[in-house]
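Q: Below are the sequence and a predicted model; questions follow.
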Amino acid sequence: MSKSALPLQCVRGSEKQVIKKEALVKLLRWHFGHSDFRGNQLEAIQAVLSGRDCFCLMPTGGGKSLCYQIPALAKPGIVLVVSPLIGHLMAVTTFSFIVSPYGDKAFFIPQENQVMALKEKGIAVEYLSSTQTVKVKNKIYENLESGKPSLQLLYVTPELIARSGFMSKLMKIHGRGLLNLIAIDEAHCVSTWGHDFRPSYRKLSSLRNNLPGIPVLALTATAVPKVQEDVIKSLSLQKPLVLKSSFNRPNIYYEVRYKDLMDDPYSDICNYLKSCGNVCAIVYCLERTACDDLAVHLSAQGIPCSAYHAGLNSNVRSSVLDDWISSRTQVVVATDGKYNLKKGIDRKDVRVVCHFNIPKSMEAFYQESGRAGRDQLPSRSLLYFGVDDRRKMEFILSKAANKKSHSSSMDEGSTKNSLPEFQKMIEYCEEAGCRRKKILESFGEEVTASLCGKTCDSCKHPDMISKYLEELTSTAAFQYKKGSSRIYITSASDTYGDEQLSEFWNRNDEASGSEEEDISDSDDATEIAKSVANSGKSSKWKLDKRLESLERAEENYYRNKNNQDKQANKVDKKFISATLRDSGKQRLLNALKQNQHLSSTLQMDFVTSAETLEIECYRKYGKSGKSIYLSQMASTARWLSAVVPDELTQRLGTTTRSSMPTEAAKPEADRSLSPSAPFIAAITPVHEENGSGSGATIESNSTVVEHTLPPPILSFSEFINRRKVMDKQVSTSKRESKDGVSQGMEKKAKC
Ligand SMILES: Nc1ncnc2c1ncn2[C@@H]1O[C@H](COP(=O)(O)OP(=O)(O)OP(=O)(O)O)[C@@H](O)[C@H]1O
Ligand SMILES: [Mg+2]
């Protein structure tokens, strides 16, 4: 319910005057219902209200937003909040977001968006972004230009700040003395050293020059000292009050598990999630294919789960998030890319964050694991460490570092070296000692071991962890690690090249619909390699080039990228490499192995089965291009994850007997049938319920067996044919009903 504003005369003070704590606490209680300020909130608020610049470093969920929201209430004038991707996030789903609606740090309150939530609290707030209609924007501009603007808080994107038209509007407002504060949320985005650098943030330095005398508040949860210095310098903060909170997240229990010591990491994560109960969880994977595979596996084991990554079109992503946020799915398996869970939408009650592959840096790990327990309740971070994963990441990073060293004029100071960053992650996993201490020390925080209070596996079970580490160092995989990263060279040539191995279905949709992927998106191994390599081009000239290209990509997101690019992309994306095919076989093999129905069928040759199905798919769809091939592979993997032995035998038998005919060679009748038809026909007799392939009752040897058939594998042409038939049916029935209506009307008219 809307609340009337607290009479402000009791708290509003003139410039440079420190507003007393009591008055600010009153505002906090009245508008937000919190009893007192947390951490450094009060200091930050008082500093900016007295006109001083402030750099405020608070952990994820620490309460940074209040540091600019309270000043908006405590002093006349407008607080300008720069926050990335407001428009994107407000537009991308049907839900609403609150506070910093930037992917990385956004968090979600059902049915309310950030602006709505603040309005509900009686605060005059608006946001401006490219996703709004001209009408809405004009209304806001009118307010700003009116004699007495009623706005207290205005959220804008960094891209808008970069536009000269908007800047001149701001300058006018400033000239009229109506600007109270400039708050820059997610301020680490300004730094090329940070893991979330955004070129448009570089233009924010113009704020200081164009709007002199207005305090600037930079807010971030990024703990790396180099980034902090960079932010202060880049935003031209003047003698700022620097406030740093501890990065300790006492409500998160940290744990590492060792894949190389397990029979089956998939089962382990599955059992782990089950043992946590029906809680909200995020699982991060390095690559999209790993996401898809794991999501399939968890779903097959009865855990409501979906994959979420940039390979899915925005509609699918929205519906995945919808399901997750409304608790229809328990677990989301995501890559760590820009539009994914790390930076997408967050729930405050995430109880578990799992990293199924080692993250590329401690910073990334901290941010991602920090999605857990934003409501301050006990939560868990679990990292699955695998020597192979480690090597893969090392290869990607060192390849990028090599590229860097080949670039001629080095400018060491301007970009970060990712290998030492990754080393911290390795130490976190491979060395004994308190995990919490390692996290905090990696951010330069001095802590005693007692701080942890047995809230990490290493402090809680030191002997067990020592034993695991001993075992790990004696594993073949570990022994091999000092040799070379040979095993990744083959895959890495693909991983690092222009081609993306990690694909999922709907690549066509993606190419045509979701512009957001055009923004530098370290979504999978390929992208990580690319982004690291790019950041490694360290001459000033090269850095500028990179920034320019990123800026262009960013602008493309907000406008509409031209169709020629899409066409070019589509052509490149058609080629199916041998490695892609190998990974496809592996994917089918994994699906087979994960299938519980088949695990008892020991005589089954999984490898040959996977190969046969892949060859079938390639022969049928290889020429049609990568998208269709991948789409079919995804369908097949889904089908395999639930198939029962008889059905698989039938399928393989059918395949062999029919010698994998091409679509053209198939009899006409066969092509128009549902793809499952030959398969169902082979099991006789069949009684279909509801006329569909699923839920059929299969009678065999006089015994009635209830089966839920797995989803049929739809070939592309069958899918198109089916659509055509359905469209035809719909238009016929529409015509008929229209005829019926007009006949009825004719009758009425005659009467
Ligand atoms: N003083 C306070 N007392 C109680 N709760 C608070 C206080 N300040 C903030 N909160 C709550 O803490 C939660 C996190 O706040 P907020 O989103 O501002 O954090 P943040 O630091 O911006 O996090 P992120 O880095 O993820 O963006 C919110 O639910 C907010 O209502
Ligand atoms: Mg925030």
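A: Okay, I see it. Ligands and ions are numbered 1, 2, ... in the order given.

Q: any idea how far the closest residue in space to Ala372 that isn't next to it in sequence is from ligand 2?
A: Nearest residue to Ala372 in three dimensions, chain neighbours excluded: Ser379, at 3.8 Å (CB to CB, 6 or more residues apart in numbering). In this view, the C-beta of every residue, glycine as well, is placed from N, C-alpha and C. Counting by CB to the ion, to the nearest Å, the gap from Ser379 to ligand 2 is 18 Å.

Q: Model confidence score at the residue lying closest to Asp230 once chain neighbours are set aside, please.
A: Of all residues not flanking Asp230 in the chain, Ser191 sits nearest, at 3.8 Å (CB to CB, 6+ apart). What the model reports for Ser191 is a pLDDT of 80.

Q: Kindly report the same for Ser733.
A: 70.

Q: same check, this time on Val11
A: At Val11, pLDDT is 47.

Q: close enough to count as contact, Leu24 and Glu43?
A: No. If you go by CB atoms under 8 Å, Leu24 and Glu43 don't touch, sitting 11.0 Å apart.

Q: So which elements touch the strand or helix carrying Lys437?
A: Assigned by DSSP states H and E, Lys437 belongs to helix 435-442. Judged by 3 or more CB pairs under 8 Å, 6 or more residues apart in numbering; DSSP states H and E, the packing partners of helix 435-442 are strand 252-258, helix 362-369, helix 418-430, helix 457-460.

Q: on that earlier part again, would you mind measuring from the residue nearest to Asp230 to Leu598?
A: To Leu598, Ser191 is 50 Å away according to CB to CB, to the nearest Å.

Q: neighbour-wise, which of the two wins?
A: Ranked by neighbour count (other CB atoms under 10 Å), Ser191 and Leu598 place Ser191 first, with 27 against 20.

Q: follow-up on the earlier one: ok, now which ones touch the residue nearest to Ala372?
A: By CB atoms under 8 Å, 6 or more residues apart in numbering, the contact list for Ser379 reads 251-253, 350-353, 372-373.

Q: quick check, Leu217 in a strand?
A: Yes. Secondary structure of Leu217 (DSSP: H, G, I helix; E, B strand; the rest coil): part of a strand.

Q: So for the helix or strand containing Glu142, mean pLDDT?
A: Secondary structure assigned from DSSP H and E places Glu142 in helix 134-145. Regarding helix 134-145, the rounded mean pLDDT is 91.

Q: do the same with stretch 287-304
A: 90.

Q: Export that stretch to CSV, keeping only CA atoms.
A: Extracted in CSV, the C-alpha atoms of stretch 287-304 (Å, rounded to 0.1, in the frame of the first residue of the first chain):
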residue,chain,number,x,y,z
GLU,A,287,29.8,-24.2,-21.0
ARG,A,288,26.3,-24.3,-22.4
THR,A,289,26.5,-27.9,-23.3
ALA,A,290,27.5,-28.8,-19.8
CYS,A,291,24.5,-26.8,-18.6
ASP,A,292,22.1,-28.6,-20.9
ASP,A,293,23.5,-32.0,-20.0
LEU,A,294,23.4,-31.4,-16.3
ALA,A,295,19.9,-29.9,-16.4
VAL,A,296,18.7,-33.0,-18.4
HIS,A,297,20.3,-35.3,-15.8
LEU,A,298,18.9,-33.5,-12.8
SER,A,299,15.4,-33.4,-14.3
ALA,A,300,15.6,-37.1,-15.1
GLN,A,301,16.4,-37.6,-11.4
GLY,A,302,13.2,-35.8,-10.4
ILE,A,303,14.7,-32.4,-9.6
PRO,A,304,12.6,-29.6,-11.1
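
Q: picking that back up, name the helices or strands packed onto the helix holding Glu142?
A: Helix 134-145 sits against strand 125-128, helix 164-175, with contacts defined as 3+ CB pairs under 8 Å, 6+ apart.

Q: go with 10 Å
A: If contacts are counted by 3 or more CB pairs under 10 Å, 6 or more residues apart in numbering; DSSP states H and E, helix 134-145 sits against strand 125-128, strand 153-156, helix 164-175.

Q: quick one, which of the ones you listed is nearest to ligand 1?
A: Closest of the helices and strands packed on helix 134-145 to ligand 1 is strand 153-156, at 13.1 Å (criterion: CB to the nearest ligand atom).

Q: Which residues does that closest one contact?
A: 68-69, 71-73, 78-83, 86-87, 90, 99-101, 114-115, 118-119, 123-129, 140, 143-144, 163, 166, 170, 173, 179-181, 183, 185 (CB atoms under 10 Å, 6 or more residues apart in numbering).

Q: Tell me if that strand is near ligand 2.
A: No. Strand 153-156 is not in contact with ligand 2 by CB under 5 Å from the ion; minimum separation 11.8 Å.

Q: Quick check: Ala334 is in a strand.
A: Yes. According to three-state DSSP, Ala334 belongs to a strand.

Q: Residues in a beta bridge with it, which ones?
A: Tyr284, Tyr308 (DSSP bridges).

Q: Can you read off the pLDDT for it?
A: For Ala334, the predicted pLDDT is 89.

Q: about what we covered before: report the angle between the helix holding Glu142 and helix 164-175.
A: 30 degrees (axes from the mean of the first three to the mean of the last three CA atoms, to 10 degrees).

Q: Check which residues of helix 134-145 are buried.
A: 140, 143-144 (16 or more other CB atoms under 10 Å).

Q: mind putting these in TSV, distance to ligand 2 included?
A: Formatted as TSV, the buried residues of helix 134-145 follow (distance: CB to the ion, whole Å):
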residue	distance to ligand 2
Ile140	22
Asn143	25
Leu144	24
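
Q: Which of the residues you listed sits closest to Gln632?
A: Ile140 (48.2 Å; CB to CB).

Q: circling back: for the residue nearest to Asp230, give its distance to ligand 1.
A: Between Ser191 and ligand 1 the distance is 16 Å, computed by CB to the nearest ligand atom, to the nearest Å.

Q: OK, contacts around that residue?
A: 197-198, 201-202, 220, 222, 224, 226-235, 416.

Q: Return a selection command, for use in PyMOL, containing the buried ones of the residues you listed.
A: Applying 16+ other CB under 10 Å to those leaves a buried subset, and the PyMOL line that selects it is:
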select buried, resi 197+198+201+202+220+222+224+227+228+230+231+232+234+235+416
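
Q: ok so Lys348 is a strand residue?
A: No. Counting by three-state DSSP, Lys348 is not part of a strand but coil.

Q: Looks like it contacts Asn251 (just checking).
A: No. Using CB atoms under 10 Å, Lys348 is not in contact with Asn251, being 11.8 Å away.

Q: any residues in contact with both of these two?
A: 61, 373-377.

Q: Neighbour-wise, which one of the residues you listed leads?
A: Gly373 leads the shared contacts of Lys348 and Asn251 on contacts (other CB under 10 Å) with 25 neighbours.

Q: Name the nearest residue to that one, sequence neighbours excluded.
A: Nearest to Gly373 is Ser379, by CB to CB, 6+ apart, at 3.1 Å.

Q: what pairs with the one you found across the strands?
A: Where Ser379 sits in a bridge, its partners, by DSSP bridges, are Ile252.

Q: Ok, Ile78 next?
A: With DSSP bridges as the rule, Ile78 is bridged to Leu179.

Q: give me the number of residues near it?
A: Around Ile78 there are 24 residues (other CB under 10 Å).
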